[in-house]
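> I would like to see how this sequence folds:
(one chain, ligands or ions: 2)
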Amino acid sequence: MKTVLSVASEVAPLIKTGGLADVTGALPGAMRPEGWRLVTLLPGYPAVMKALKSPRVVRRERACFGGGAQVLAGRAAGLDLLVLDAPHLYERAGSIYLGPDGKDWPDNAERFAALSWVAARLAAEGFEDVKPQVLHAHDWQGGLAPVYLGAMKGGRDVGTLLTVHNIAFHGLAPASKLAALKLPKDGFTPDGFEYWGKISALKGGLIAADRISTVSPTYARELMTPEFGMGLDGVLRQRAGDLTGILNGIDEDLWNPAADPEIVPYRTPAGKAKNRRALLREFGLEDGAGPLCVVVSRLTEQKGLDLLLGALDVLAARGGRLALLGSGSPDLETAWREAAARLPGVAVRIGYDEALAHRMMGGADAILVPSRFEPCGLTQLYGLRYGAVPLVADTGGLADTVIDANAAAMAMGVATGVKFAPVEADPLRFALSRLCDLHADRKTFTTLQRNAMKQPVGWAASAPQYAALYDRIGGRV
Ligand code: ADP
Ligand code: GLC
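Numbering: from 1, shown residues only. Ligands and ions are numbered 1, 2, ... in the order given. Predicted coordinates for the structure are as follows:
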């Protein structure tokens, strides 16, 4: 079987801070029927070391960015894994990216350069009689892998793909770390991995990889514009011919309203009623005449939830309810706690809770995703599958996965949600008001929910697209 070495900083269900993990965790299963086996290299965080079953040592590195390390092979959660066991880099309590002060770990550049460097070695030299055809790196944490690989013996036989899940994070490091990061000095130019006097892991990967993909067609287009490219739009325009947008899917077994252990299972919108009552109870909300809306999200600038704070009055006036689950920026956490204290129709859980996320999808009439940018977004896909009608900003993957309930789409029977643009307070207020109108007409709303639940949101369409990409770049071995 043809093999891809996938390299990522998080992989669900082992270690997750966001959608990246869901995707790197689901892709191996989705690609197997396509004839591609994915082996995933990830850092040996404590949770990963604990989960790894009967590991085998496949490689030792005496000097691995500040300490000794080894690469372990094994399985966990149904995945074929390679784990970089480097206690000096990964054996830390708390968040995988942030120290106890809430700031990036000061050696993040070394931590993920090490991951990328080891990925390149494993790709160039193979492991346990496997020689991968493709190295697939994810985001800036894997960005340097194609850079290292290009300079290694045997490296040019392996095709490379870099997937951008979020261009907001570049993996910048000061130029003084060039030697410590084992980077060639001659690559430190504007045509290489230099970004305004700094090392940029993401830019390095964008230039060195054979092909670049991102997680929706619309985000692929947006990335080439100054508004969304976050300073790398020029590089992406240069590489327009090698850039593809492939939509994320969700794990349809894990997110299945007909067999979800967290809810009373259902197959039709009517079956949501019990879950809706349970959700209102769980959040301490009294029912009203309007829709029960939910948000499940990281609380960051990207997600536009500050705008939603300013639109809550529209929902309140129509008897709508809002239950929010999220964590992130302390300012947003406080603002949402205050909103919940002020408004009887709003309830908030600050924290991270997978099981609760399932119950929210099960009980909600609608899910709100007013992101300023959204490379793909997964929660609107969960919403579609669970008949929680998505109200979304018309951007990135949200634009590609939701069909607005305009007159034509309603007449054709294809509408699945509500979209708004530009991502500002007034259009969002208007969208909420439209959602309430749609909800007020029971028949219309049930039709929307039914359409949503029928929409394909798995990997069936995207897996063959990745396979075609792998075939194209991996044809050299
Ligand atoms: P991003 O990766 O930008 O955070 P996505 O929509 O792609 O956005 O993925 C977010 C993932 O993280 C989803 O699986 C979502 O359910 C999950 N998630 C986010 N915040 C929470 C939370 N507070 N509790 C549980 N799950 C969460
Ligand atoms: C990023 C994006 C999100 C996307 C996820 C998985 O975290 O913010 O839109 O769904 O990656 O690709």
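> For my notes, confirm N166 occurs in a helix.
No - membership of N166 in a helix is not supported by DSSP: H, G, I helix; E, B strand; the rest coil, which gives coil.
> The residue nearest to it when sequence neighbours are not counted and ligand 2, how far apart?
Once flanking residues are discounted, N166 sits nearest to P375: 5.6 Å by Cβ to Cβ, 6 or more residues apart in numbering. From N, CA and C alone the C-beta is placed, and that goes for glycine too. According to Cβ to the nearest ligand atom, to the nearest Å, P375 stands 4 Å off from ligand 2.
> How about G192?
Relative to ligand 2, G192 is positioned 26 Å away (Cβ to the nearest ligand atom).
> need the contact list for the closest residue in space to that residue that isn't next to it in sequence.
Spatially, and ignoring its direct neighbours in sequence, G192 is nearest to I207 (6.4 Å; Cβ to Cβ, 6+ apart). Residues in contact with I207 (Cβ atoms under 8 Å, 6 or more residues apart in numbering) are 191-193, 235, 239.
> So which bits of the stretch 1-150 of the chain are right by ligand 1?
Neighbours of ligand 1 within the stretch 1-150 of the chain, by Cβ under 6 Å from any ligand atom: 18-20, 22.
> What subset of the residues you listed is buried?
Buried members of those, counted by 16 or more other Cβ atoms under 10 Å: 19-20, 22.
> Looking at those, which one is closest to ligand 1?
Proximity of these to ligand 1 (Cβ to the nearest ligand atom) peaks at G19, which lies at 2.2 Å.
> tally of neighbours for the closest residue to that closest one other than its chain neighbours?
With sequence-adjacent residues excluded and distances taken as Cβ to Cβ, 6+ apart, G19 is closest to L378, at 4.7 Å. The local packing of L378 (other Cβ atoms under 10 Å) involves 24 other residues.
> isn't L378 right up against N248?
Yes - contact status for L378 versus N248: in contact at 6.4 Å, counting by Cβ atoms under 8 Å.
> which residues are common contacts for the two?
19, 22.
> re earlier: looking at the contacts of I207, which is nearest ligand 1?
Nearest to ligand 1 among these, with distances taken as Cβ to the nearest ligand atom, is V235, at 21.8 Å.
> can you pull the contacts of the closest one?
Residues in contact with V235 (Cβ under 8 Å, 6+ apart) are 203, 206-207.
> Could I get those residues in TSV, plus columns for pLDDT and distance to ligand 1?
Shown next, in TSV, are those (pLDDT from 0 to 100; distance: Cβ to the nearest ligand atom, whole Å):
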residue	pLDDT	distance to ligand 1
K203	98	21
L206	98	19
I207	98	25
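> Dump these into TSV; add secondary structure and distance to T225 as well.
Output for the contacts of V235, formatted as TSV (DSSP: H, G, I helix; E, B strand; the rest coil; distance: Cβ to Cβ, whole Å):
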residue	secondary structure	distance to T225
K203	helix	17
L206	helix	15
I207	helix	19
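> where exactly do the strands run in the stretch 351-477 of the chain?
Assigned by DSSP state E, counting those that start in this stretch, the strands in the stretch 351-477 of the chain fall at 366-369, 389-393, 418-420.
> can you redo those as TSV with mean pLDDT?
Output for those, formatted as TSV (pLDDT from 0 to 100):
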stretch	mean pLDDT
strand 366-369	98
strand 389-393	98
strand 418-420	98
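> Which residues of this protein lie near ligand 2?
Going by Cβ under 6 Å from any ligand atom, the residues of the chain near ligand 2 are 18-20, 23, 165-166, 215, 248, 374-378, 397.
> Between those, which sits nearest P132?
Within these, proximity to P132 (Cβ to Cβ) peaks at V23, which comes in at 19.1 Å.
> Quick check: that closest one vs W140, distance?
15 Å (Cβ to Cβ, to the nearest Å).
> One more: V83?
20 Å.
> and if you look at L38?
Distance from L38 to W140, by Cβ to Cβ: 20 Å.
> okay, these two: which has more neighbours?
Counted by other Cβ under 10 Å, L38 and W140 do not tie: W140 has more neighbours, with 29 against 22.
> got the contact list for the more buried one?
Here W140 is in contact with 112, 169-171, 200-202, 205 (Cβ under 8 Å, 6+ apart).
> Also P370?
Counted by Cβ under 8 Å, 6+ apart, P370 has contacts 303-305, 307-308, 391-393, 420, 423, 428.
> Dig out what the residue lying closest to D80 once chain neighbours are set aside forms beta bridges with.
Spatial nearest neighbour of D80, chain neighbours left out: V39 (4.6 Å); criterion: Cβ to Cβ, 6+ apart. Residues in a beta bridge with V39, per DSSP bridges, are L5, D80.
> mind listing what V39 touches?
Contacts of V39 by Cβ under 8 Å, 6+ apart are 3-6, 80-82, 130, 132.
> and which of these is nearest ligand 2?
Looking across the contacts of V39 and measuring by Cβ to the nearest ligand atom, the closest to ligand 2 is S6, at 13.2 Å.
> Now for the closest one: which residues touch it?
24, 27-28, 38-41, 136-138.
> try N166
Residues near N166 by Cβ under 8 Å, 6+ apart: 20, 139, 302, 375.
> now do T218
245, 395-397, 399-400.
> and stretch 380-389, is it in reach of ligand 1?
No - for stretch 380-389, no contact with ligand 1 is found by Cβ under 6 Å from any ligand atom; the gap never falls below 6.5 Å.
> Report the backbone C-alpha coordinates of that stretch in CSV.
Taking Å, rounded to 0.1, in the frame of the first residue of the first chain, the C-alpha atoms of stretch 380-389 are listed here in CSV:
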residue,chain,number,x,y,z
GLN,A,380,-21.6,24.2,11.3
LEU,A,381,-21.1,20.7,9.8
TYR,A,382,-22.1,19.1,13.1
GLY,A,383,-25.1,21.5,13.1
LEU,A,384,-26.2,20.4,9.6
ARG,A,385,-26.0,16.7,10.6
TYR,A,386,-28.0,17.3,13.8
GLY,A,387,-30.6,19.5,12.3
ALA,A,388,-29.3,22.6,14.2
VAL,A,389,-29.7,25.1,11.4
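> which other residues reach that stretch?
248-250, 252, 255-257, 269, 272, 291, 294, 296, 357, 360-362, 364-367, 369, 390, 392, 398, 401-402, 416-418, 435, 438, 445, 448-450, 452-453, 455, 457.
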